[in-house]
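K.L.:
I'd like to go over a predicted model; first the sequence, then the structure.
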Amino acid sequence: MENKDFPRRYMNLRRLCSVDILAVIVIIYSFNPVFAAETVGAGTEYAVSSAAEKGFVNLRADPNPASPSLAQLKVGAAVLRATGKSQLYGDTWWYEVDAEGAHGWVNSRFIYRAGTPDLAAIVTTNTKIERKFNQFFEGEGYFKVTKNSFEECERLCLADTKCTAIEFYRPTKYCSLYKRIPASATANNADVGIKQPLIITGSITRQEAPSPPPR
């Protein structure tokens, strides 16, 4: 006997499945950092952070480090006004800004919101890198760049609040930054470093409050 309700139930099932799949796609889109855009308020003012190792950050034509530089924005001098647009490159957000009469993109790692503390400056003065010679880390870091020495790589990590460890590969001068401290192994051509809090030892003289004047 033919079931006349089957086509109707089949269509309802397809409709429900389509809604569920759409909901899953929306959830993935919302929580995946590759798809979800970082919110940047249009008109928000930013300043160049001391994390900019050479004392400036490049204003680039497009949101990637290989794009041509349009201007060099100096630490403590430039005021950057966001247009409200942002773009993810790798695991780093780039902001579209107007600065010093130019228009382009900057790496968000090297700027901070005007009127708030420059966290890179605070971290740099309260942490140090413990160097371990002839070792390398297993796995890839979140950021890799060419530096002339371990000390330059060290300064880059100290100025980056996300960085907890570094690896400097001497043959290619690759400096890799890590968010977490990975397992290490022996190597003759690399050194690693782990960020540690800076502990100040020695006596601290407390200034006594002045005695009240005699009555």
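P.N.:
Alright, I've got the coordinates. In this text the structure is predicted, and so the values were computed from the model without any measurement. Residues are numbered from 1 along each chain as shown.
K.L.:
and the longest strand along the chain, what other elements does it pack with?
P.N.:
Ranked by number of residues, the top strand in the chain under DSSP state E is strand 79-89. Helices and strands touching strand 79-89, by 3 or more C-beta pairs under 8 Å, 6 or more residues apart in numbering; DSSP states H and E, are strand 45-48, strand 92-99, strand 102-107. Glycine gets a C-beta too; all of them are placed from N, C-alpha and C.
K.L.:
repeat that for 10 Å
P.N.:
Counting contacts by 3 or more C-beta pairs under 10 Å, 6 or more residues apart in numbering; DSSP states H and E, strand 79-89 is packed against strand 45-48, strand 92-99, strand 102-107, strand 111-113.
K.L.:
Adding mean neighbour count, write those out as a markdown table.
P.N.:
A markdown table is the format used below for the helices and strands packed on strand 79-89 (neighbours: other C-beta atoms under 10 Å):
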| stretch | mean neighbour count |
| --- | --- |
| strand 45-48 | 20 |
| strand 92-99 | 20 |
| strand 102-107 | 20 |
| strand 111-113 | 19 |
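K.L.:
Adding mean pLDDT and distance to Arg170 as columns, could you present these in JSON lines?
P.N.:
Converted to JSON lines, the helices and strands packed on strand 79-89 look like this (pLDDT from 0 to 100; distance: least, C-beta to C-beta, whole Å):
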{"stretch": "strand 45-48", "mean pLDDT": "87", "distance to Arg170": "31"}
{"stretch": "strand 92-99", "mean pLDDT": "89", "distance to Arg170": "26"}
{"stretch": "strand 102-107", "mean pLDDT": "91", "distance to Arg170": "26"}
{"stretch": "strand 111-113", "mean pLDDT": "83", "distance to Arg170": "31"}
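K.L.:
For Leu70, find the nearest of the ones you listed.
P.N.:
Closest approach to Leu70 among those (C-beta to C-beta): strand 102-107, 4.7 Å.
K.L.:
give me the beta-bridge partners of the nearest residue to Thr83 once chain neighbours are set aside?
P.N.:
Sequence neighbours aside, Glu96 is the residue nearest to Thr83 in space, at 4.5 Å (criterion: C-beta to C-beta, 6 or more residues apart in numbering). In this entry, Glu96 is beta-bridged to Trp105, by DSSP bridges.
K.L.:
quick revisit: can you tell which of the helices and strands packed on strand 79-89 is closest to Glu140?
P.N.:
strand 92-99 (14.8 Å).
K.L.:
In CSV, list the C-alpha atoms belonging to the closest one.
P.N.:
C-alpha atoms of strand 92-99 as CSV (Å, rounded to 0.1, in the frame of the first residue of the first chain):
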residue,chain,number,x,y,z
THR,A,92,48.1,38.5,12.6
TRP,A,93,45.5,41.2,12.2
TRP,A,94,46.2,44.2,10.0
TYR,A,95,44.3,47.5,10.3
GLU,A,96,43.5,50.0,7.6
VAL,A,97,44.4,53.5,8.9
ASP,A,98,45.0,57.1,7.9
ALA,A,99,48.3,58.5,9.3
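K.L.:
what helices or strands is it leaning on?
P.N.:
strand 45-48, strand 56-60, strand 69-74, strand 79-89, strand 102-107, strand 111-113.
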